[in-house]
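Have a look at this fold, sequence not included:
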């Protein structure tokens, strides 16, 4: 349950329509909260999982208060092979979210049955019994990757990420290469993340960002894009 997680946070998302990546980064660096880069930029890779009826997708687009997102995530330019992947289950109620994460063994994305490869990775991992049971009723629904820049405010209360060059693809069939069908979206996406106890200070931070607030979900956007 969401209330049992220790990493609860608020997330506010912005779409930088009409801005280049360089313009967005310049605005962030000039922000009054004095954002500084917290980590070197890196590539984020995801495989989103959902039920065959796309239950989680429909919950998002219908505005359900309680939502779940399940994905396998790994970092780095290598997309054909998932190196040090993590299974992440994101629970969200309104604007508050939390995340569970479990390490998986390395597996290949391209060639053969991706669902079978994921199933083997799940079977070889230490997963809670209830999660393991839930995964049996899910399948890979979307492939996604993007470049991410990481920032932290001077007071350490707010984390901000800038995602750029989002790419989406359906699950490869008939031994196609996953990278062959990736379709790009070039509009930068900004995410502001902070713990609930800092919510009263968030307005000052968001008001100084010249971007449009949005309910943007990469999973929903990707499903609609493909």
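Perfect, I can see it now. Please read these numbers as outputs of a predicted model, since none were measured by experiment. Numbering: from 1, shown residues only.

hmm, which helix or strand of the protein has the shakiest average pLDDT?
Here the helix or strand of the chain ranked lowest by mean pLDDT, DSSP states H and E is strand 183-185, holding a mean of 72.

give me the low-pLDDT residue ranges for this protein?
Along the chain, segments meeting pLDDT under 70 span 1-6, 172-183.

mind listing the helices for it?
For the chain, the helices defined by DSSP state H occupy 21-29, 55-61, 114-123, 129-135, 202-207, 218-225.

Spell out, range by range, the strands that occur in this protein.
Ranges of strands in the chain, per DSSP state E, are 9-15, 36-50, 66-75, 81-82, 86-93, 96-103, 107-108, 139-152, 158-169, 183-185, 189-194, 212-214.

Not counting sequence-adjacent ones, nearest residue to residue 132?
residue 122 (6.6 Å; CB to CB, 6 or more residues apart in numbering). (Each C-beta comes from the backbone N, C-alpha and C, glycine too.)

got a list of what that neighbour touches?
With contact taken as CB atoms under 8 Å, 6 or more residues apart in numbering, residue 122 is in contact with 87, 104, 132, 135.

Check residue 209 too.
Residue 209 neighbours (CB under 8 Å, 6+ apart): 14, 27, 31, 190, 192.

Reformat those as JSON lines; add neighbour count and distance to residue 222.
Shown next, in JSON lines, are those (neighbours: other CB atoms under 10 Å; distance: CB to CB, whole Å):
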{"residue": "14", "neighbour count": "21", "distance to residue 222": "18"}
{"residue": "27", "neighbour count": "18", "distance to residue 222": "26"}
{"residue": "31", "neighbour count": "17", "distance to residue 222": "28"}
{"residue": "190", "neighbour count": "25", "distance to residue 222": "18"}
{"residue": "192", "neighbour count": "23", "distance to residue 222": "21"}
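
And the nearest residue to residue 46 once chain neighbours are set aside, how far from residue 77?
Once flanking residues are discounted, residue 46 sits nearest to residue 144: 4.4 Å by CB to CB, 6+ apart. As judged by CB to CB, to the nearest Å, residue 144 and residue 77 stand 15 Å apart.

Comparing the two, which residue is more hemmed in?
residue 144 (22 against 9; other CB atoms under 10 Å).
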